[in-house]
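*Asks:* After the sequence you'll find the predicted model.
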4 protein chains.
Amino acid sequence: MPKDTLDKIRPAKREKLLSEAAKLFAQRGYNQADMAELATRAGVAKGSLYNYFESKQELYLYVCRDGLERSRQAVYGGLDPGWDVYRQLEHVFTQGAAFARKHPEYLILYLNVSSAGLEPFAEKLSLEVEKYTADHLKAVLTRDIKRGLVRSDLNVNHAAFWINSLYIVFLASLVSRHFQIRMREYLEIKGRLSKKVVDEEIRRTVELIERVLAPLKRR
Amino acid sequence: MPKDTLDKIRPAKREKLLSEAAKLFAQRGYNQADMAELATRAGVAKGSLYNYFESKQELYLYVCRDGLERSRQAVYGGLDPGWDVYRQLEHVFTQGAAFARKHPEYLILYLNVSSAGLEPFAEKLSLEVEKYTADHLKAVLTRDIKRGLVRSDLNVNHAAFWINSLYIVFLASLVSRHFQIRMREYLEIKGRLSKKVVDEEIRRTVELIERVLAPLKRR
Amino acid sequence: MPKDTLDKIRPAKREKLLSEAAKLFAQRGYNQADMAELATRAGVAKGSLYNYFESKQELYLYVCRDGLERSRQAVYGGLDPGWDVYRQLEHVFTQGAAFARKHPEYLILYLNVSSAGLEPFAEKLSLEVEKYTADHLKAVLTRDIKRGLVRSDLNVNHAAFWINSLYIVFLASLVSRHFQIRMREYLEIKGRLSKKVVDEEIRRTVELIERVLAPLKRR
Amino acid sequence: MPKDTLDKIRPAKREKLLSEAAKLFAQRGYNQADMAELATRAGVAKGSLYNYFESKQELYLYVCRDGLERSRQAVYGGLDPGWDVYRQLEHVFTQGAAFARKHPEYLILYLNVSSAGLEPFAEKLSLEVEKYTADHLKAVLTRDIKRGLVRSDLNVNHAAFWINSLYIVFLASLVSRHFQIRMREYLEIKGRLSKKVVDEEIRRTVELIERVLAPLKRR
DNA sequence: AATGAATGAGGATTCATTCAT
DNA sequence: TATGAATGAATCCTCATTCAT
């Protein structure tokens, strides 16, 4: 719901604006992010922000949705629908981690929808954020049950729920200070969070999921 | 680090203050919570808040730590250390859910430590929040491996990590608007989140954990 | 160090603001001056003050420096460098008194730099305030010693010091309540401080200075 | 006008209170001095301050008057009324400097009476502060004119005025940051303000006064 | 008489949004 | 369309004084 004017500005300028907005909101949180600072960082006039968007809220919503689209593209873009669920999950975890490293701001925005005081945004965003992933995961699981690649007695909804839960916490551990500290404590990681450590964690998690989903014969 | 003064006021008054503070911070988030409103809700003068605490930050930290203590008491208080890990986890999930229903504010405070802009609090709180649970869970797992109740090839750190991840997301689903919407979408819950639905979810989750941890002979 | 914004507003508005600020600070003192009241008096919004200046401190510093510039202009503006020291001092005392009558606020600001609790301002302002006058006075004295208009055995630094001391206390006596009361007591002035009385005092002081500075032959 | 209760407390306690009050008021200035901090520093309860004094104002007035008495005692205590004016002035300057070094707080309080916003105190204090010195100085001058030690054509009031002006600025230069900076600039003092430097300055000033007051024959 | 917790008016500063240019 | 100065409600914190104990 941004104003028409947003489409009329130079793409590079729009890109810069959205990118800086995402970073600022991720850095400060919605309420503490300052429209004046955003204008400065984005290289536009404060007043211009209000030419493009009705309000800070609208801007925030737009940036979140935009970020959602980007992360979806990054994670699901290169995914082959024909792959079995295990291959797909490995892809999703790996791409998710790569995106988190490159654009932590968008993941932080996602995590923040559950922050106290941001319920108005949750009402608007949460469903559209979650539905796609939920539907996709459930569909693949259902298909692979039929294919005999997944245990037939599996409760698909519940499985999708906990698989995604692990995914969320995993990504959060890459971008949020709190979840970073938590992961280091659990996994007893001393040095920095290298790609190697992260990849190893992905491998273990996908293995765990496989252990639960696979039919007995597969094991 | 509250001032001495806090200990000198009537317990009922202190209780009221801490309770209202927890609720307000949970409702609005740290930055949007207004000290004046807190004073009104708690039935004390604005200035009195500053007799008890150096600053809003100190108050927040204290309320968080206090909430942590309460939740720990509620969850681990009635736990028998002799129980096996499966029994303990069921207890923890059940008590956690009960506490979340009774005092959602404290869980919301916990979830908020990972919010953007609250990193200063994460630095101070995260470790003390996570260490206890991590240590406890790892210790029980290690013990029950020795007892032959848990697969001996289990990576204890990683197992503790994902079990706790499921626990966190589960509790979040009970108190955060975003996670509620998400859970309803995944689990296709139409009506309200009854205790029955929640208990069923606990049962399934503990079952899942058991499936992964148990040695083959157990199955 | 005011913000650029200050230069961009209508000169009349800026003038009004600076003038009202000087008056308010002179009336109340730095700490007791209220930014909200200043805004009202100056006819601008409270927030606008912070568009022009980073903080109350910056505003105060600027007003002081501005006042210093004005007083220097008023006192030294019409001074002919060719005049001998006696003529110059008479000019300075006379112009100083005239400026004090017209803009007591600026002199009060000057006097206040020595107030308890304003040391941070003294660190920044005192030297720039005093250096000009000190250098000027010393230079003229040195020159006039060479010219034979001033005793050659004079300690120039010390002479400049006490001459300026008399000047300061004299001006203070025109603008500060305390120094007014003191002067009336010493000089046994009953009625109001008329221009005539002040001029007479100037005459006597310059005469005194002359008596000390003049070479014996001159007397 | 303190309450009777002030007289009833242990002298040591009263002494401590007055001393700490003087120091705090000198350090912060009247308005910025905090009654709570004073209570802490003085080792009494905040409420007790109001048992001894009606208000902060009363306390301030009392402390100022007390300081005035002390400084008078220190400066005029050892003065022999029989001494000629030159001897007396040397004594006053020397004792004043010694007192300033020992109890700068009282001199700072004196200087502060001329601060902006403290006019209410000037109305009450200034006359009683100045009258004693003015009367004394004028009397000695008059007497020594009769004695033939001072020029008979001297305007006594005016002489007393400027002599005291030099005295005030001199003392201010020992205790106020602003006047210190100013004196160092004028006298080109590089190192610290040693006793030697101060004594030299006193000598020069008294010499200057002598040069002006002395009858021609004396020179 | 001593204490110190309670009070609430007061004051600096921030920031989303408006609007004249 | 772009700009950025103007606005004023909102918010944290201070502190003189009171008063119950």
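*Replies:* Yep, it's here.

*Asks:* which outside residues touch stretch A:111-131?
*Replies:* A:25-26, A:29-31, A:57, A:60-61, A:64-65, A:68, A:110, A:172, A:175-176, B:25-32, B:108-109, B:111-112, B:114-116, B:172, B:176-179, B:181-182, B:185-186 (Cβ atoms under 8 Å, 6 or more residues apart in numbering or on different chains). The way it works is simple: take the backbone N, C-alpha and C, and place the C-beta from them, glycine included.

*Asks:* DNA strand F contacts on chain A?
*Replies:* A:5, A:8-9, A:44-48, A:50-51 (Cβ under 7 Å from any atom of the strand).

*Asks:* and those residues, which are buried?
*Replies:* The neighbour-count criterion (16 or more other Cβ atoms under 10 Å in any protein chain shown) marks A:9, A:44, A:48, A:50 among the residues of chain A next to DNA strand F as buried.

*Asks:* residues contacting the second one?
*Replies:* Read that as A:Val44. A:Val44 is in contact with A:13, A:17, counting by Cβ under 8 Å, 6+ apart.

*Asks:* For chain A, which residues score under the pLDDT cut-off?
*Replies:* Across chain A, residues meeting the criterion (pLDDT under 70) sit at A:1, A:217-219.

*Asks:* If we use 80, what do you get?
*Replies:* A:1-4, A:6-8, A:216-219 (pLDDT under 80).

*Asks:* Which one of the residues in it is closest to DNA strand F?
*Replies:* A:Gly47 (1.7 Å; Cβ to the nearest atom of the strand).

*Asks:* Okay, that residue and chain D: tell me how far apart.
*Replies:* 40 Å (Cβ to the nearest Cβ, to the nearest Å).

*Asks:* same deal with A:Asn155?
*Replies:* Distance from A:Asn155 to chain D, by Cβ to the nearest Cβ: 64 Å.

*Asks:* Against A:Glu207, how distant is that residue?
*Replies:* For A:Asn155, the distance to A:Glu207 equals 21 Å [Cβ to Cβ, to the nearest Å].

*Asks:* ranges for the helices of chain A?
*Replies:* For chain A, helices defined by DSSP state H occupy the ranges A:5-8, A:11-28, A:35-42, A:46-52, A:56-76, A:85-102, A:104-112, A:119-146, A:156-175, A:177-187, A:195-213.

*Asks:* how about stretch A:19-35: buried residues?
*Replies:* A:19-33, A:35.

*Asks:* hmm, which two among those residues are most spread apart?
*Replies:* Pairwise distances across those peak at 20.6 Å for A:Ser19 and A:Asn31 (criterion: Cβ to Cβ).

*Asks:* Next to DNA strand E, which bits of chain A? Give me the list.
*Replies:* Residues of chain A lying near DNA strand E (Cβ under 7 Å from any atom of the strand): A:31-36, A:46-47, A:49-50, A:55-57.

*Asks:* Just put the residues you listed in a markdown table and tack on distance to D:Tyr76.
*Replies:* Formatted as a markdown table, these follow (distance: Cβ to Cβ, whole Å):
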| residue | distance to D:Tyr76 |
| --- | --- |
| A:Asn31 | 65 |
| A:Gln32 | 62 |
| A:Ala33 | 66 |
| A:Asp34 | 62 |
| A:Met35 | 66 |
| A:Ala36 | 62 |
| A:Lys46 | 66 |
| A:Gly47 | 69 |
| A:Leu49 | 71 |
| A:Tyr50 | 72 |
| A:Ser55 | 73 |
| A:Lys56 | 70 |
| A:Gln57 | 74 |
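
*Asks:* Tell me, how many residues neighbour A:Gly82?
*Replies:* A:Gly82: 7 surrounding residues under other Cβ atoms under 10 Å in any protein chain shown.

*Asks:* count of neighbours near the residue of chain A found nearest chain C?
*Replies:* When scored by Cβ to the nearest Cβ, chain A has A:Ala36 as its residue closest to chain C, at 10.6 Å. A total of 9 residues lie near A:Ala36 under the criterion other Cβ under 10 Å.

*Asks:* who touches it in this structure?
*Replies:* A:Lys46.

*Asks:* and the gap between it and B:Ala100?
*Replies:* Remark: distance between A:Ala36 and B:Ala100 (Cβ to Cβ) = 39 Å.

*Asks:* Work out which residue lies at the spatial centre of chain A.
*Replies:* Nearest residue to the geometric centre of chain A (Cα atoms, centre = their mean): A:Leu107, 4.6 Å.

*Asks:* That residue contacts A:Val175, doesn't it?
*Replies:* Yes: using Cβ atoms under 8 Å, A:Leu107 is in contact with A:Val175, at 4.7 Å.

*Asks:* joint contacts of those two?
*Replies:* Listed as contacting both A:Leu107 and A:Val175 by Cβ under 8 Å, 6+ apart are A:Ala100.

*Asks:* out of the residues of chain A next to DNA strand E, which one sits closest to C:Tyr86?
*Replies:* For the residues of chain A next to DNA strand E, the residue nearest C:Tyr86 by Cβ to Cβ is A:Ala36; the value is 57.6 Å.
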